[in-house]
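Enquirer: sequence plus predicted model, see below.
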Protein chains: 2
Amino acid sequence: MCELLAMSANTPTDIRFSFTGLSQRGGRTGAHTDGWGIAFYEDKGCRVLHDPAPSAESELARFVRAYPIRSLAVIAHIRKANRGRVALENTHPFTRELWGRLWCFAHNGQLKGVKALPLGPFTPVGTTDSEHAFCWLMGELRARFDRRPSEARLRKAVAELFARLRDLGVFNALLSDGMSIYVSCSTRLCYVERCAPFGPAALIDEDMEVDFSQETTPDDRVLVLATQPLTRNETWRVVAPGSSLVLKDGHVTPL
Amino acid sequence: MCELLAMSANTPTDIRFSFTGLSQRGGRTGAHTDGWGIAFYEDKGCRVLHDPAPSAESELARFVRAYPIRSLAVIAHIRKANRGRVALENTHPFTRELWGRLWCFAHNGQLKGVKALPLGPFTPVGTTDSEHAFCWLMGELRARFDRRPSEARLRKAVAELFARLRDLGVFNALLSDGMSIYVSCSTRLCYVERCAPFGPAALIDEDMEVDFSQETTPDDRVLVLATQPLTRNETWRVVAPGSSLVLKDGHVTPL
């Protein structure tokens, strides 16, 4: 098992609070000790930081918890290896360029026979099932559309491809091009929507509390999605197994 | 103008000393204040850290100067923008996957008419001439070879493509797949070879000295290549303008 985290916001927002909670599960409050990674979009650019060391101990994770990087779209992953050795090249999120955008992908679950899916122009660098699934997905999108299609057509295609991967096993996954975050839920994901009136939130995995009313303006919207709730005094909604969502500007809609 | 830095070694080596010198030139001892980036290969994996903030002030650059990341192949860049606004997506090194390997690229110089070069399956994310040149180069390699060719054929192809780019202007550039670093010199590059007997080295841009005999074994080989010498008490060899090199395991050979 691995754990996933995503954030979508309508104003550049830093994810240190949520990442502080998640990263404890990589060795302190959880056993996901086989690496971690996080992708922050800034306009069309993307910073991807990852490390095969446990997130609770990694020096780079400490940097991410301490240094505010503001973004509209973030995805993160902490890993418990099942397929593919513990190594940087097997650490999510994975990144490829398609249609002049950087796409990042992180996955939790096991997919039976995924390596039989034929690959197009994208080739895995590491040996995980997850990166194979991502390369297949990118290749399928490229085969269908020479250039970026309308958002409606893109969503329909992603939803179809997500459903095909869910048929192979457990496919809880996050895919982003920096504008939207596409979400697949096979078994377990939940989210919290933060908007005015903002209130306090306290982490489950660490003694840390934030009063969001001090950090926000009334127009801000932030959506945080994770494998398991990260805070103990907010309402986390469960995503229906077998469904796909899209997160954009802090809003969630079915894909 | 920008400045480049590369390191090739036959044993995992940390580049903090050289990067400390280079990063001062991003705002303190030099005017390359429009961002910086560094790519560290670890086996087939690659960490790429970059920041549009000046390297002399960037918090992330401070982390890189403080935290030892050991690698056999590193490329770095500090930017003085001429084409393309200051933004994360315009910050070198750029990365693409080809034949199941992550390729990184950094460039110094201006290329006349480069955007007329036709692109294959790789599309720029930002607006720099450099990323266009990189995408063209990757597309040409892919058009010539469906899968990774022999090292001899690959070197010949890279040398031809580098020469074509040098015909368009100034193309001082670094390209790596993690196994080799391919180097093009139009105008200005130099390198130092460190091997036994190791001695002391002192930076030009910062009051910092290292005695490499304390940090190495007699079999170690490290080659550091940069736009301008980084140390004041070592022999830096000038790369011939109009030539291409390949760095591998701390050795340099003509491409």
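Expert: Okay, I see it.
Enquirer: use CA for all of it now, contacts and neighbours both
Expert: Fine.
Enquirer: how about the residues of the stretch 101-250 of chain A near chain B?
Expert: When proximity is defined as C-alpha under 8 Å from any C-alpha of the partner chain, the stretch 101-250 of chain A approaches chain B at A:Arg101, A:Leu102, A:Phe122, A:Thr123, A:Pro124, A:Val125, A:Gly126.
Enquirer: mind checking pLDDT for the fourth one?
Expert: Pointing back at A:Thr123 there. Looking at A:Thr123, its pLDDT is 98.
Enquirer: ok, the first one next?
Expert: Looking at A:Arg101, its pLDDT stands at 98.
Enquirer: excluding chain neighbours, what is closest to it?
Expert: Of all residues not flanking A:Arg101 in the chain, B:Val125 sits nearest, at 5.5 Å (C-alpha to C-alpha, 6 or more residues apart in numbering or on different chains).
Enquirer: and the one you found, what does it touch?
Expert: Taking C-alpha atoms under 8 Å, 6 or more residues apart in numbering or on different chains, we find B:Val125 in contact with A:Lys44, A:Gly45, A:Glu97, A:Gly100, A:Arg101, A:Leu102, B:Glu89, B:Glu131.
Enquirer: what's the single longest strand in chain A?
Expert: strand A:3-14 (DSSP state E).
Enquirer: need the contact partners of that one.
Expert: Residues outside strand A:3-14 that contact it (C-alpha under 8 Å, 6+ apart): A:15, A:19, A:22, A:32, A:68-79, A:106-108, A:173-174, A:180-181, A:220-228, A:247-251.
Enquirer: so which of the residues you listed belong to strands?
Expert: Among the contacts of strand A:3-14, the subset assigned to strands under DSSP E consists of A:70-78, A:106-108, A:173-174, A:181, A:221-226, A:247-248, A:251.
Enquirer: for chain A, which segments count as helices?
Expert: A:16-24, A:59-66, A:129-144, A:151-166 (DSSP state H).
Enquirer: what's the shortest one packed up against?
Expert: Think helix A:59-66. Applying 3 or more C-alpha pairs under 8 Å, 6 or more residues apart in numbering or on different chains; DSSP states H and E, we find helix A:59-66 packed against helix A:16-24, strand A:45-51.
Enquirer: residues in contact with the last one?
Expert: Pointing back at strand A:45-51 there. The list of residues contacting strand A:45-51 from outside it, by C-alpha under 8 Å, 6+ apart, reads A:35-41, A:58, A:60, A:88, A:91-93, A:102, A:178, B:47-50, B:87-90, B:125-126.
Enquirer: can I get that strand as PDB, trimmed to CA atoms?
Expert: In PDB, the C-alpha atoms belonging to strand A:45-51 read as follows (Å, rounded to 0.1, in the frame of the first residue of the first chain):
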ATOM      1  CA  GLY A  45       6.400  24.800 -14.800                       C
ATOM      2  CA  CYS A  46       6.600  22.000 -12.300                       C
ATOM      3  CA  ARG A  47       8.900  21.100  -9.500                       C
ATOM      4  CA  VAL A  48       9.100  17.500  -8.700                       C
ATOM      5  CA  LEU A  49      11.000  16.500  -5.500                       C
ATOM      6  CA  HIS A  50      11.500  12.900  -4.600                       C
ATOM      7  CA  ASP A  51      13.600  10.700  -2.500                       C
END
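Enquirer: and it, which strands flank it?
Expert: Sheet pairing of strand A:45-51 (DSSP bridges) gives strand A:36-42 (antiparallel).
Enquirer: what is the neighbour count of the spatially closest residue to A:Glu206 that is not a sequence neighbour?
Expert: Counting by C-alpha to C-alpha, 6+ apart, A:Glu206 lies nearest to A:Gly21, which is 6.1 Å off, once chain neighbours are set aside. Neighbourhood size, A:Gly21 [other C-alpha atoms under 10 Å in any protein chain shown]: 23.
Enquirer: and for A:Ser130?
Expert: If you count neighbours by other C-alpha under 10 Å, A:Ser130 ends up with 29.
Enquirer: equivalent analysis for A:Glu3, please.
Expert: 27.
Enquirer: what is the most widely separated pair among the residues of the stretch 101-250 of chain A next to chain B?
Expert: With C-alpha to C-alpha as the measure, no two of those lie farther apart than A:Arg101 and A:Gly126, at 21.6 Å.
Enquirer: just grab the bridge partners of the closest residue to A:Glu193 other than its chain neighbours for me.
Expert: Nearest in space to A:Glu193, with sequence neighbours left out and distances taken as C-alpha to C-alpha, 6+ apart, is A:Leu223 at 4.6 Å. With DSSP bridges applied, A:Leu223 shows beta-bridge pairing to A:Ser8, A:Glu193.
Enquirer: ok so, going back, tell me which of the helices of chain A is the most buried.
Expert: Most buried of these by mean neighbour count (mean count of other C-alpha atoms under 10 Å in any protein chain shown) is helix A:16-24; its value is a mean of 23.
Enquirer: and the angle from it to strand A:70-78?
Expert: Interaxial angle, helix A:16-24 versus strand A:70-78 (axes from the mean of the first three to the mean of the last three C-alpha atoms, to 10 degrees): 10 degrees.
Enquirer: please save the CA atoms from helix A:16-24 in CSV.
Expert: Presented in CSV, the C-alpha positions along helix A:16-24 are these (Å, rounded to 0.1, in the frame of the first residue of the first chain):
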residue,chain,number,x,y,z
ARG,A,16,3.1,22.3,4.2
PHE,A,17,0.4,21.6,6.8
SER,A,18,-1.0,18.6,4.8
PHE,A,19,2.4,17.3,3.8
THR,A,20,3.5,17.4,7.4
GLY,A,21,0.8,15.0,8.3
LEU,A,22,1.3,12.7,5.3
SER,A,23,5.1,12.6,5.7
GLN,A,24,4.8,11.3,9.2
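Enquirer: average pLDDT for that helix?
Expert: Averaged over helix A:16-24, pLDDT sits at 94.
Enquirer: angle of that helix against strand A:221-226?
Expert: 0 degrees.
Enquirer: what helices or strands is helix A:16-24 leaning on?
Expert: Looks like helix A:16-24 contacts helix A:59-66 (3+ C-alpha pairs under 8 Å, 6+ apart).
Enquirer: before we move on, the earlier item: now the contacts of B:Val125 as TSV including distance to A:Arg83?
Expert: As requested, the contacts of B:Val125 are arranged in TSV below (distance: C-alpha to C-alpha, whole Å):
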residue	distance to A:Arg83
A:Lys44	32
A:Gly45	30
A:Glu97	24
A:Gly100	30
A:Arg101	28
A:Leu102	25
B:Glu89	32
B:Glu131	34
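Enquirer: most neighbours among those residues, which one?
Expert: Most surrounded of these: other C-alpha under 10 Å gives B:Glu89, at 28 neighbours.
Enquirer: I figured that residue hits A:Gly100, correct?
Expert: No. Assessed by C-alpha atoms under 8 Å, B:Glu89 is found out of contact with A:Gly100, at 10.8 Å.
Enquirer: list the residues that contact A:Arg70.
Expert: Contact analysis of A:Arg70 by C-alpha under 8 Å, 6+ apart lists A:Pro12, A:Thr13, A:Asp14, A:Ile15, A:Glu42.
Enquirer: is the second one bridged to anything, and to what?
Expert: On the basis of DSSP bridges, A:Thr13 takes part in beta bridges with A:Ser71.
Enquirer: find the nearest non-adjacent residue to the residue nearest the centre of chain A, please.
Expert: Nearest to the geometric centre of chain A sits A:Ile75, at 3.3 Å (C-alpha atoms, centre = their mean). In space, A:Ile75 comes closest to A:Ala6 once its chain neighbours are excluded; the distance is 4.4 Å by C-alpha to C-alpha, 6+ apart.
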